[in-house]
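A.B. asks: Dropping the sequence and predicted coords here.
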Amino acid sequence: MEHNLLLNACIYLAAAVIAVPLSKRLGMGAVLGFLVAGILIGPYGFRLISEVEDALHFAEFGVVLLLFLIGLELEPARLWALRRPIFGWGGAQVVLVAGALFGAALLLGVGWKLALIAGLGLSLSSTAIALASLEERNLMPTPAGQAGFSILLFQDIAAIPMIAIVPLLGIPEEAGGGGNAWIAVVKVAVVLAGLVIGGRFLVRPLLRFIAKTDAREIFTAFALLLVIAISLLMQSVGVSMALGAFMAGVLLADSEYRHALETDLEPFKGLLLGLFFIAVGMSVDFSVFLARPAVVLGLVAAFLLIKTGVLYLLSRVFDIARGQHLQFALLLSQGGEFAFVVFGAAATARVFSSEVASTLVVVVALSMVVTPLVLMAYDRLSSRGEGRRETQPDAIDPNEDHVIIAGFGRFGQIVGRFLNASGVPLTVLDHDPDQVDVLRRFGFKVFYGDATRADLMRAAGAAKARALVVCIDDIEDSLALVDMARRDYPQLTIIARARNVTHYYQLMDRGVTLIERETFEAAVKLGRTVLTAGLGQSAWRTRLASDKFRKYNLRSVLDVYPYYKDRDTYVSMAKRARDELEQMIARDRRALEEEPGHDWD
Amino acid sequence: MTEPNILVLYAHPAPQRSPVNRRLAEAARALPGVTLRDLYELYPDFDIDAEHERALLTKAHLVVFMHPIRWYGMPSILKEWMDVTLLPGWAYGRGVCALRGKGFWLVTTTGSGPEAYQPGGMHGHPFDTFLVPFQQTAALCGMDWIAPLVMHGASHAGEAAIEAHVAEFQRRLTGYAAAIPEAAHGA
C-alpha cells in the first residue's frame, strides 16, 4: 500500500514535470498540460493509474485550498461590495444557462427530469480552470475577471441546493424531506455562527500563539489543519467543502497572519490543483466516448455553443469592456467539477442511468479540455485581429519616433502621462480593455493584449520605436517581453521597471542597462521627509545625504550582482532576498560615514 | 507710515561650519520687518518657486544678499535663484522693472584674510574687483547700491571679532529699516 502510494506520487509528479513545461513551452498554458498528463497516465492512456475516483476526490482539496486563498484576499467589506455581481449576475447566469440547456434538451426529446438535472449541472463552470486561466492571463483585476469570479462564487453556493434537490427528483427513498431541509438550514446557520465567533476568538489567538513559538512547520501544519477541519465541518452539514473553505478564508482576511497563511498554503494549492486537473484528464471515459463518438462530440459542441452564447449575451448586460465579451464567455463555458457531483448524485438516486451519467461526465470532462484550447486560439486570433485593425490606419500615419510603453498600470501610467505631457508620441500596450477605451478617447495609440506576444509588438511598430519602456507588473512577463524584444529588435533601447533587486539582476542578465527600481525613489523621498519634517534636520544636508545614499546603494546593487550570479543555483528565492538585504544593509551603513570635512566661510 | 520690508536672501550650503553666517542670519531674523529666505533649506532640490520669489521681491524695499564668497562669487543656489527669478522684462529691460528704486545690500564673508586680495596675494586682485557682477546686477535693475558689509578671514575669526561684526550688521540693518519709510515717502 505504502509502496503503491509512493509509486503513484512518482507517476503523477513525473507526468506533471514532463507535460506542464512542454505545454507552457508550446504556449498552451499549465492547465492543458496537466489535463493531457492525466489523459496519458489514466486508464485510457498508458494505464499507469487506475484509482481515478480516489485521485479526483483527493485532488478536490486543491480547489478547496484555492477558494480558501481567494477568501483570504477578500475582506468581508469587499465581499459585501460584490453582492450585486455575485447574486445578480451569478443568479442570472445559472438560471439562464440552465434554462437554455433545459429547453434545448426538451427539444431533443429528452425527459424533463434528465433535462433539468443536466441543465442545472452543466450551468456550473469549473472554478479551477476558469480561475487558473484568469490568473494565467492576468485578467483577475479586469471587469471580466471580477465578473467571472463573482459568478463562479455564486455557482459554488448554488451547487449546494442543486445537490440537495437531485435526490428528490429520483425514486423516493425516504419521505418527509421538508422537515430535514429546515434542520439542515439551522445546522448551517449554527456552524456559520460558530465559524464567525470561533474565527475571531479562537483561531486568531491560536495563530498568534503558534506564530510566537517560531516553529514554521507547525504554523504550516496548523494552516492545513484549519482548512481541512473547516472543510470537513462544512461538509458534515451539507455545504460544499470549497464554499466552506472560502468562508473561512474571508473570516481570516483581515487578520495579521493573512500573508503568512497565503505563502504557506500556496505551494499545496498549486500542486493539488495540478493533481485535480490530472484527475479530470484521467476521468475522461474514452470507452463511453468511443462507443458513440459522434453523439458525445455533438453534445460537447452543442453544450459549449449554447453556454458560450448565453454567457456572451449576458456579458453585454454586465459592465464588461467591449473587447472582452467573447473572452469572458469562453472562460466560463466549460462544465465544472460540481457537475460530477450532481450527476453522481442523480445516478445514485436513479434519476437516470449510470450510462447517461457517465456520458454527461465525459461531456463535462471534454469541455474542460476544450476550454484551454479555445482560449489559446482566442488569444492568438484576437492579438492578430487587434494588430490588423490597428495597422490599417497606421499605414497612413506610420508609427515612427514613438515610445512604446508596455503595461499601463499604476506605474506605467505615471511614466506615460509624464512623457505625454512632454510631447513624446506614445504607443501603449495593456491587457485591461477598460483602460484601453479611456486612453483611446484621449488620443493615445493603444494596443490591447499581452505585450509579450511578438505579433502585438510588431503591430505596435516596435521596429521604428525610439524606445521600449517595460512597466509590466508581472516579473515573468516583463522578462519574457525583454527576451523577445532583445531577440527581435536588438537595436531598440529598453528602459525597464524592476520590481525588486532580483528582477533588477534578471534584467541585467538580459543586457538591459537602464533600469529603475520601482519603489526606491519614493522610499528615499519619504525617508527625506522623515528626517526634515519629522525630525527637523536640515533639508539641504538631508538632500545631500540622500544623494549619497542613492549613489552608494546603486553601487552596492551592482557590486552584489556577481555574487548573485555565483549563487544562481540558490534553492530558495527567499534566502536569496535575505542574503541580498544583509549585504545591502552592511553597505548602507558605510554610505553616510566619514563625510569629508571642509570648512565654509 | 509704510512698514519696513526687508528681504534677506540667505544662501549657505554648510551653516554648521560657519558660525559667522549663522549668527548673521539669526540677527537678521530677530529684526521686525525682515523676511529671511534660507534658500538651501527652502529649495534643497533647487526647484525654486520663481513666482513666489518675485512676489516677495515686489513687496520688499531692501534686498539683502547674505552668503559667503566661494570661488569669487555667490553659492550656486543664489545664482540659480537669480537665473529663474530675475527675468528680462520683469527685473530689467523693457517692461515693469519691478526692482527699480529698491536697495541692494551685499553682506558677505571670505575665508582668506584681506591680505589675500591684492596683486601678488593668493587671489591676485583687490576684493572690489570681484564685486563687479553684483554691482552691475543692481545697476541693470535700477537698484540703489549700498556699500557691502564684508568680513575677511571669517574662518579663523575669534569670538570678539565675530561679535563686533554681527553688532555692526545689526546697527546698519536697523538704520536702513528706520530710513525706509521716509525713503518710500520721499520717492
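C.D. replies: That came through, no problem. Numbers count the residues shown, from 1 in each chain, chains lettered A, B, ... in the order given.
A.B. asks: which secondary structure elements does the one helix or strand residue A:16 maps to contact?
C.D. replies: With elements taken from DSSP states H and E, the one containing residue A:16 is helix A:2-25. Contacts defined by 3 or more CB pairs under 8 Å, 6 or more residues apart in numbering or on different chains; DSSP states H and E place helix A:2-25 against helix A:29-41, helix A:258-282. For glycine as for every other residue, the C-beta is placed from the backbone atoms N, C-alpha and C.
A.B. asks: The same query, at a cut-off of 10 Å, please.
C.D. replies: helix A:29-41, helix A:52-73, helix A:258-282 (3 or more CB pairs under 10 Å, 6 or more residues apart in numbering or on different chains; DSSP states H and E).
A.B. asks: export those to a markdown table and tack on mean pLDDT?
C.D. replies: Listed next are the helices and strands packed on helix A:2-25 as a markdown table, based on pLDDT from 0 to 100:
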| stretch | mean pLDDT |
| --- | --- |
| helix A:29-41 | 79 |
| helix A:52-73 | 75 |
| helix A:258-282 | 78 |
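A.B. asks: closest one to chain B among those?
C.D. replies: With CB to the nearest CB as the measure, helix A:258-282 is the member of these nearest chain B (35.7 Å).
A.B. asks: how distant is the closest one from the center of its chain?
C.D. replies: 12 Å (CA atoms, centre = their mean, to the nearest Å).
A.B. asks: ok, now stretch A:404-420?
C.D. replies: 24 Å.
A.B. asks: picking up where we left off before, can you tell me which of the helices and strands packed on helix A:2-25 is most buried?
C.D. replies: helix A:29-41 (a mean of 25; mean count of other CB atoms under 10 Å in any protein chain shown).
A.B. asks: quick one, it and helix A:52-73 angle?
C.D. replies: 170 degrees (axes from the mean of the first three to the mean of the last three CA atoms, to 10 degrees).
A.B. asks: and helix A:29-41, how far out from the chain's middle?
C.D. replies: Offset of helix A:29-41 from its chain centre (CA atoms, centre = their mean): 18 Å.
A.B. asks: do the same with stretch B:40-55
C.D. replies: Per CA atoms, centre = their mean, the centroid offset for stretch B:40-55 relative to its chain is 16 Å.
A.B. asks: in that stretch, what's buried?
C.D. replies: For stretch B:40-55, the neighbour count (16 or more other CB atoms under 10 Å in any protein chain shown) marks B:40, B:41, B:42, B:43, B:44, B:48, B:50, B:53, B:54 as buried.
A.B. asks: picking that back up, I'd like the helices and strands packed on helix A:2-25 as JSON lines, with distance to residue A:93 appended.
C.D. replies: Formatted as JSON lines, the helices and strands packed on helix A:2-25 follow (distance: least, CB to CB, whole Å):
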{"stretch": "helix A:29-41", "distance to residue A:93": "21"}
{"stretch": "helix A:52-73", "distance to residue A:93": "18"}
{"stretch": "helix A:258-282", "distance to residue A:93": "22"}
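A.B. asks: Mind telling me the two of the buried residues of stretch B:40-55 farthest from one another?
C.D. replies: Farthest pair in the buried residues of stretch B:40-55 (CB to CB) is B:44 and B:54. Separation: 20.7 Å.
A.B. asks: what comes up buried for the helix holding residue A:16?
C.D. replies: Here helix A:2-25 shows A:8, A:11, A:12, A:15, A:16, A:19, A:20, A:23 as buried, counting by 16+ other CB under 10 Å.
A.B. asks: so what's the second one up against?
C.D. replies: Applying CB atoms under 10 Å, 6 or more residues apart in numbering or on different chains, one finds that residue A:11 lies in contact with A:37, A:41, A:46, A:48, A:49, A:278.
A.B. asks: Which neighbouring elements make contact with the helix or strand hosting residue B:169?
C.D. replies: Per DSSP H and E, residue B:169 falls inside helix B:159-186. If contacts are counted by 3+ CB pairs under 10 Å, 6+ apart, helix B:159-186 sits against strand B:6-10, helix B:19-30, strand B:62-68, strand B:103-109, strand B:144-151.
A.B. asks: Now do it, average pLDDT.
C.D. replies: The average pLDDT for helix B:159-186 rounds to 84.
A.B. asks: and if you look at stretch B:116-130?
C.D. replies: The average pLDDT for stretch B:116-130 rounds to 93.
A.B. asks: Just the C-alpha atoms of that stretch, please, in PDB.
C.D. replies: Provided in PDB are the C-alpha atoms of stretch B:116-130 (Å, rounded to 0.1, in the frame of the first residue of the first chain):
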ATOM      1  CA  ALA B 116      45.000  87.700   0.000                       C
ATOM      2  CA  TYR B 117      43.000  90.200  -2.000                       C
ATOM      3  CA  GLN B 118      45.800  92.300  -3.600                       C
ATOM      4  CA  PRO B 119      48.200  91.900  -6.500                       C
ATOM      5  CA  GLY B 120      50.700  89.200  -5.600                       C
ATOM      6  CA  GLY B 121      48.300  87.800  -3.000                       C
ATOM      7  CA  MET B 122      46.600  84.500  -3.100                       C
ATOM      8  CA  HIS B 123      43.700  85.900  -5.100                       C
ATOM      9  CA  GLY B 124      45.700  88.400  -7.100                       C
ATOM     10  CA  HIS B 125      43.200  91.300  -7.200                       C
ATOM     11  CA  PRO B 126      41.600  93.700  -4.800                       C
ATOM     12  CA  PHE B 127      38.300  92.400  -3.300                       C
ATOM     13  CA  ASP B 128      36.200  95.100  -5.100                       C
ATOM     14  CA  THR B 129      37.200  93.600  -8.400                       C
ATOM     15  CA  PHE B 130      35.100  90.500  -7.600                       C
END
